[in-house]
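Visitor: only geometry, no sequence info:
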């Protein structure tokens, strides 16, 4: 379906661009949300009449987004979650969780779709992500996920956390070496 964009949309185009999109995407998202209008000669004339207003609205939205950049950059996104001995979370941290945390910590309302995480966070650690306050205003943030506040402070300081399995593996290697030496001593005594 051919549509005219009424606002800038990342990966699609700018205001006034005529693009071809799938029919379902246009009917279910672009048209109902006022992000585009059907392409026709009449709608081109309507768009040209409204173009100045739409551009002004877009610039105002961009300025508003830019005013929140410092608040988002300075937000401390520390999430305490339950995890197993290997550092795997009993669940995950999703875009919805990060959006909710931004609302609580920085008092900035964003939709979960504006959090550019990629895949949910499923382990303890420090993770880089981005918040798209506007298609032109994307802010990088760091999310820290740990079991306790002490672990979060260690992650913020740049330390690498070790988990129970690494200690267990070291212990088993030491135990195996000790068993071999005991077996060798027993064999010498038996001779």
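Guide: Sure, I can see it. Since the structure is predicted, the reported quantities are computational estimates derived from the model, not experimental observations.

Visitor: low-confidence regions, the protein specifically.
Guide: Judged by pLDDT under 70, the chain has its weakly predicted residues at 164-191.

Visitor: so where do the helices sit in it?
Guide: Assignment of helices within the chain using DSSP state H yields the ranges 23-25, 41-67, 69-73, 95-106, 149-156, 164-190.

Visitor: give me the phi and psi for the residue most central in space within the chain.
Guide: Note on the chain: the residue nearest the mean C-alpha position is residue 117, at 2.3 Å, using CA atoms, centre = their mean. Dihedral angles phi and psi of residue 117 (degrees, to the nearest 10) take the values phi -90, psi -30.

Visitor: isn't it up against residue 97?
Guide: No. The criterion here is CB atoms under 8 Å, and residue 117 misses it with residue 97 at 9.6 Å. For glycine as for every other residue, the C-beta is placed from the backbone atoms N, C-alpha and C.

Visitor: which ones are touching the residue nearest to the centre of the chain?
Guide: Shown here is residue 117, whose contacts under the criterion CB atoms under 8 Å, 6 or more residues apart in numbering are 94, 95, 98, 129.

Visitor: ok, for residue 10, nearest residue in space, not its chain neighbours?
Guide: Among residues not flanking residue 10 along the chain, residue 135 sits closest, at 4.4 Å (CB to CB, 6 or more residues apart in numbering).

Visitor: wait, doesn't the one you found sit right on residue 13?
Guide: No. In this structure, residue 135 is not within contact of residue 13 by CB under 8 Å, at 10.1 Å.

Visitor: where do the contact lists of the two overlap?
Guide: Going by CB under 8 Å, 6+ apart, no residue sits against residue 135 while also sitting against residue 13.

Visitor: grab the nearest non-local neighbour of residue 2.
Guide: In this structure, residue 2 finds its nearest non-sequential neighbour in residue 39, 3.9 Å apart by CB to CB, 6+ apart.

Visitor: the one you found: how many residues sit nearby?
Guide: Residue 39 has 16 neighbouring residues, counting by other CB atoms under 10 Å.

Visitor: distance check, it against residue 48.
Guide: Summarising the geometry, the distance separating residue 39 from residue 48, computed by CB to CB, to the nearest Å, is 13 Å.

Visitor: same thing with residue 128?
Guide: When distances are taken as CB to CB, residue 128 and residue 48 turn out to be 42 Å apart.

Visitor: could you do residue 121 as well?
Guide: Taking CB to CB as the measure, residue 121 and residue 48 are separated by 46 Å.

Visitor: more neighbours, these two?
Guide: A direct count of neighbours by other CB under 10 Å for residue 121 and residue 48 places residue 121 higher, at 22 against 11.
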